[in-house]
Structure formats: structure tokens, C-alpha cells
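Asker: The amino acid sequence is not available; the structure is as follows:
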């Protein structure tokens with residue numbers, strides 16, 4: 001049963017074990033969604049199986065769709081790595097005459113979390129840029145009809161994966177925002 005909790009101290013073996021589940025949401029163009037779904041859904045099935053992440057893609061015929069990736073930090077990182085590798089593979093298939101832009105992803109983050117992501121005077125976002133080599137921009141305005149803002153990440157596949165790892169870590173550190181933290185309580189068996 002999924003419930004929202006603050007993270008308890010689990011130093012004693014009599015206290016339930018906690019596994020933290022994050023849900024990251026992305027806005028993707030139809031062509032990008034088609035690429036990660038693949039023919040007959042083979043690609044998305046492979047990404048789900050290899051990463052262990054739960055990946056849901058919103059229905060709809062609009063030009064942009066919401067892709068939700070749910071799991072622990074490791075499974076989310078694996079899913080992003082596999083998605084980035086797929087986008088990189090798609091770029092390699094383009095004719096050499098076509099310039100190959102960096103891979104770009106747009107996360108949807110609650111506006112209340114953007115301050116933590118930016119940091120005082122932009123210090124956190126600068127750290128993320130320097131550590132990952134990715135370009136990262138937080139939109140100044142909320143998405144229409146929403147309390148969320150778009151965070152655009154561009155760079156190589158490796159840079160994006162490092163950037164996502166750092167963003168997940170920041171979201172975990174700011175655990176008071178229950179938008180992102182779904183904590184499953186798993187009772188420990190006999191020791």
C-alpha cells in the first residue's frame with residue numbers, strides 16, 4: 001500500500017525498512033515518444049525491463065505528452081540512461097549533412113521545488129552544470145494552468161544522466177515536498 005510519510009529514522013532493526021520511490025515527469029514531443037515506445041511497444045518494454053522503472057505515457061493526440069518515470073534513484077537513472085542512448089542512436093541514423101543537436105529533455109517540477117534546484121544565488125544549478133556538463137534551465141513562469149515549471153536539460157547522453165542523478169538527489173534532500181516522495185513501508189521479516 002503506497003502512503004505518504006516523512007522519512008523515519010531506521011537505525012533500529014525493529015523499525016520498518018523504507019524504500020523511497022520518486023516520480024519524475026517529462027514533457028515530450030510525439031516523435032520522441034514514438035522513439036521510446038518503438039514498433040509494437042518493443043522499445044518501451046525493453047526500457048522497463050532493463051531499468052526496473054515504471055514508465056507511463058499519457059494518452060492523447062496533442063503534440064506533447066507527459067512521460068512519468070517512477071522508481072528508486074537507481075531505476076530512474078537506468079531508465080534515463082536507456083532513453084538517452086535511444087535518442088543518441090536516433091541521431092546517429094540521421095544523414096551526416098544534418099547537424100546533430102544535443103539531446104534535450106524537459107522535466108516538469110513543482111514550482112515549490114525549483115528554489116531548491118536553483119539554490120541561493122544560483123549556486124545549486126551552477127554545481128549541477130559544472131558536475132554534469134549539461135545545460136540546465138528552469139523556466140521563470142509556471143506551465144499554463146499548472147503549479148509546475150519546466151526544467152530543460154540539454155547535452156550528451158552521459159551529461160543528462162549525471163544531471164538527472166543530481167536533480168533526484170536534490171529532490172530527496174528536500175523530502176518535505178510530498179509531490180515527489182512516495183514512500184513504501186516494507187515490514188522487515190525476522191532477523
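Answerer: Yep, it's here. Just so it is clear, the model here is predicted, and its values are computed rather than measured.
Asker: got the contact list for stretch 119-132?
Answerer: In this structure, residues lying in contact with stretch 119-132 by Cβ atoms under 8 Å, 6 or more residues apart in numbering are 116-118, 134-136, 138, 155, 159-160, 162-163, 166-167, 170. For glycine as for every other residue, the C-beta is placed from the backbone atoms N, C-alpha and C.
Asker: nearest spatial neighbour of the most centrally placed residue in the chain, skipping sequence neighbours?
Answerer: When the chain is reduced to its mean C-alpha position, the nearest residue by Cα atoms, centre = their mean turns out to be residue 24, at 4.0 Å. For residue 24, the nearest residue in space outside its immediate sequence neighbours is residue 69; the separation is 5.1 Å by Cβ to Cβ, 6 or more residues apart in numbering.
Asker: Out of the helices and strands in the chain, which is least certain?
Answerer: Evaluated with mean pLDDT, DSSP states H and E, the helix-and-strand set of the chain has its lowest mean pLDDT in strand 181-186, which scores a mean of 42.
Asker: quick revisit: filter the contacts of stretch 119-132 down to just the ones in strands.
Answerer: Cross-referencing these with the strands (criterion: DSSP state E) gives 135-136, 138, 155 as the overlap.
Asker: Just the buried ones among the contacts of stretch 119-132, please.
Answerer: Buried subset of the contacts of stretch 119-132 (neighbour count, 16 or more other Cβ atoms under 10 Å): 116-118, 134, 136, 138, 155, 159-160, 162-163, 166-167, 170.
Asker: That's all I had, so thanks and see you.
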